[in-house]
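In: Predicted model and sequence follow; I will ask about them next.
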Amino acid sequence: LLLAELDFFHGDKEKAISHYDEAIDLALANKNILEGALACHRALVCCVETIDMDAASQYYTRACQLYRDWGGAAIVCHLSILYADQLSAFSKLNGSISRKNKIRKRREKLLGRS
């Protein structure tokens with residue numbers, strides 16, 4: 001987890017995410033739910049700050065579940081306050097863009113441009 005934090009601090013997102021994932025896997029393999037939740041939480045922060053909202057959403061879900069499993073209802077509430085609106089807005093925007101792309105592709109196919 002410390003290596004991930006150093007990579008994130010130095011701006012190497014890919015390396016940081018790799019180390020966060022490794023920290024999550026090791027924590028869960030050793031049945032350390034809290035450390036796994038913390039690593040997911042920090043990966044979430046990294047993804048939000050680098051505007052990788054798809055990955056952020058996945059880490060958010062996993063962090064909340066692990067914190068719940070550990071018994072940390074207050075931290076789940078805190079994460080919801082901090083990130084739920086942001087992730088929801090991105091999801092809606094992303095869905096809208098996806099629908100527009102599908103419509104455009106369908107129109108191009110009908111017009112014989114695909």
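Out: Arrived safely. The model shown is predicted, which means the values in this text are computed figures rather than measured ones.
In: Please name the nearest non-neighbouring residue to the most centrally placed residue in the chain.
Out: Nearest residue to the geometric centre of the chain (C-alpha atoms, centre = their mean): residue 56, 1.8 Å. Setting aside the residues directly before and after it, residue 56 is nearest to residue 47 in space (C-beta to C-beta, 6 or more residues apart in numbering), at 3.7 Å. (Glycine included, C-beta is placed from N, CA and C.)
In: Skip ahead from the strand or helix carrying the one you found and say which helix or strand is next.
Out: For residue 47, the host element (DSSP states H and E) is helix 33-49. Past helix 33-49, further along toward the C-terminus, the next helix or strand under DSSP H and E is helix 53-70.
In: buried residues in that next one?
Out: 53, 55-60, 62-64, 66-67, 70 (16 or more other C-beta atoms under 10 Å).
In: Redo these as TSV? Include pLDDT and distance to residue 35.
Out: What follows is the buried residues of helix 53-70, written out as TSV (pLDDT from 0 to 100; distance: C-beta to C-beta, whole Å):
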residue	pLDDT	distance to residue 35
53	86	25
55	91	20
56	91	20
57	90	22
58	92	18
59	95	14
60	92	17
62	96	13
63	96	12
64	94	16
66	97	9
67	96	11
70	97	10
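In: Redo the residues you listed as CSV? Include distance to residue 7.
Out: Below are those laid out as CSV (distance: C-beta to C-beta, whole Å):
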residue, distance to residue 7
53, 20
55, 15
56, 17
57, 21
58, 19
59, 15
60, 20
62, 19
63, 19
64, 24
66, 21
67, 23
70, 25
